[in-house]
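Trainee: Turn this into a model:
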Amino acid sequence: MSSVFGELLRHPVVQAPMAGGASCPELAAAVSEAGGLGFLAGGYKSVAAVQDEVRRTSELTGRPFGVNLFLPQPEADADAVEAYADGLAEESERYGVPLGGLPDGALDDFFDAKVAVLLAEPVAVVSFTFGCPSRDVLDAFQRVGTLTVVTVTTPEEARAAQWAGADALCVQGVEAGGHQGTHHDDPATDGCGLGLLSLLEQVRQTVPLPFLAAGGLMRGTQIAAVLAAGAEAAQLGTAFLPCPESGAHPVHKAALTSPHFTRTTLTRAFSGRPARGLVNRFVRVHSTEAPAAYPRVHHLTAGLRRAAAGAGDADGMALWAGQGHRLARTVAAGRLVETLAAETRAALTPLER
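Mentor: Sure, this is the predicted structure:
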């Protein structure tokens, strides 16, 4: 493994930052302790919550870990949001909760304040999703010894990250669960994302930056494939969702391998940005009418999703999952890291002869 990630990892396994509760301190610490790189998800949280999770993770492990931040988003079309809210009236009645509004300051996800916290209390890695921060922000993290990683979904985004001064990339294929990390949310490009292996080669030929690979990866054989394609490590999210240390809801964990949910799709229904999840009733009913209005739609549907989870209703929850979800294994996070590492070594051995 190269010097960029070599000091952070014993195994080429990175646990993806999954906003919404799954990527809790217990999961991140367990992954890092096992020789992978655990990640906290800073998205949707208050500044105080991010700071608290960083401190808790530091108490649980002395190994390196990372934090992911969401870039500020442009204001959405208020009329489109209102029209979508009208269409969700029956959901509000179904679950007996009102639709939500955008909390004060949440449009930019408190980005500047979270940056300030992570500069004051540095972690090993900070990654960014939904855009690329300015050179000033990236330089500031580099001055405190933090490795910066920008999520990209196209070669053009990779070039922008290189120009801004990122240390490394997280190259995300369309197979990935959860939100696509596109820098600009353009509905005209919905469904046009590149598969991971094709994207890796295009990025590799575009910029010289080291990169992680993300998108539907669940087994060591797949990790070996992306390492052969030039990645320094693989980033896995769905694979870690069912782990006992994961903060994902039990209904979400069970749905990954339930015969009731057989496929995934990209939908704006829950958040207003394309995100891959299991196809359930909410996705089937509301995907076509959902506007490009992140994060307003996320906050609009937040109460509905909480109520569905409280009722154990998987058909009203955002069941984020990558295309490989049916390969999910319910094992402890540390054991999963070790298993993935062993599978990767076994797959790479014939290639090294």
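
Trainee: who's in contact with His231?
Mentor: No His there; residue 231 is Ala. Contacts here follow Cβ atoms under 8 Å, 6 or more residues apart in numbering; on that basis Ala231 touches 12, 171, 200, 211-213. Every C-beta, even on glycine, is put in place using the N, C-alpha and C of the backbone.

Trainee: Three-state assignment for it, please.
Mentor: Ala231 falls in the coil class when you classify it by DSSP: H, G, I helix; E, B strand; the rest coil.

Trainee: now do Ala85
Mentor: Using three-state DSSP, the secondary structure recorded for Ala85 is helix.

Trainee: which residues touch the closest residue to it other than its chain neighbours?
Mentor: Of all residues beyond its chain neighbours, the one nearest Ala85 is Leu99 (5.5 Å), with distances taken as Cβ to Cβ, 6 or more residues apart in numbering. For Leu99, the residues meeting the contact criterion (Cβ under 8 Å, 6+ apart) are 85, 88, 92, 300-301, 303-304.

Trainee: which one of the residues you listed sits closest to Glu289?
Mentor: Distance to Glu289, by Cβ to Cβ, is smallest for Leu88 among those, at 9.2 Å.

Trainee: where's the closest one relative to Asp136, distance?
Mentor: Leu88 is 40 Å from Asp136, where distance means Cβ to Cβ, to the nearest Å.

Trainee: ditto for Leu227
Mentor: Computed as Cβ to Cβ, the Leu227 to Asp136 distance reads 33 Å.

Trainee: who has more neighbours, those two?
Mentor: The residue with the greater number of neighbours, taking Leu227 and Asp136 and applying other Cβ atoms under 10 Å, is Leu227; the counts read 19 against 9.

Trainee: okay, the contacts of Ala231 in CSV with secondary structure, neighbour count and distance to Val149 next?
Mentor: Shown next, in CSV, are the contacts of Ala231 (DSSP: H, G, I helix; E, B strand; the rest coil; neighbours: other Cβ atoms under 10 Å; distance: Cβ to Cβ, whole Å):
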residue, secondary structure, neighbour count, distance to Val149
Pro12, coil, 27, 15
Val171, strand, 32, 10
Leu200, helix, 22, 15
Phe211, strand, 28, 9
Leu212, strand, 24, 7
Ala213, strand, 30, 12
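
Trainee: For Ala314, state which of these is nearest.
Mentor: Distance to Ala314, by Cβ to Cβ, is smallest for Ala213 among the contacts of Ala231, at 29.4 Å.

Trainee: in the sheet, who's paired with the closest one?
Mentor: Val171, Ala234 (DSSP bridges).

Trainee: so what's it scoring on pLDDT?
Mentor: Here the pLDDT value assigned to Ala213 is 98.

Trainee: which residues does it contact?
Mentor: Neighbouring residues of Ala213 by Cβ under 8 Å, 6+ apart: 171, 173, 196, 200, 226, 229, 231, 233-235.
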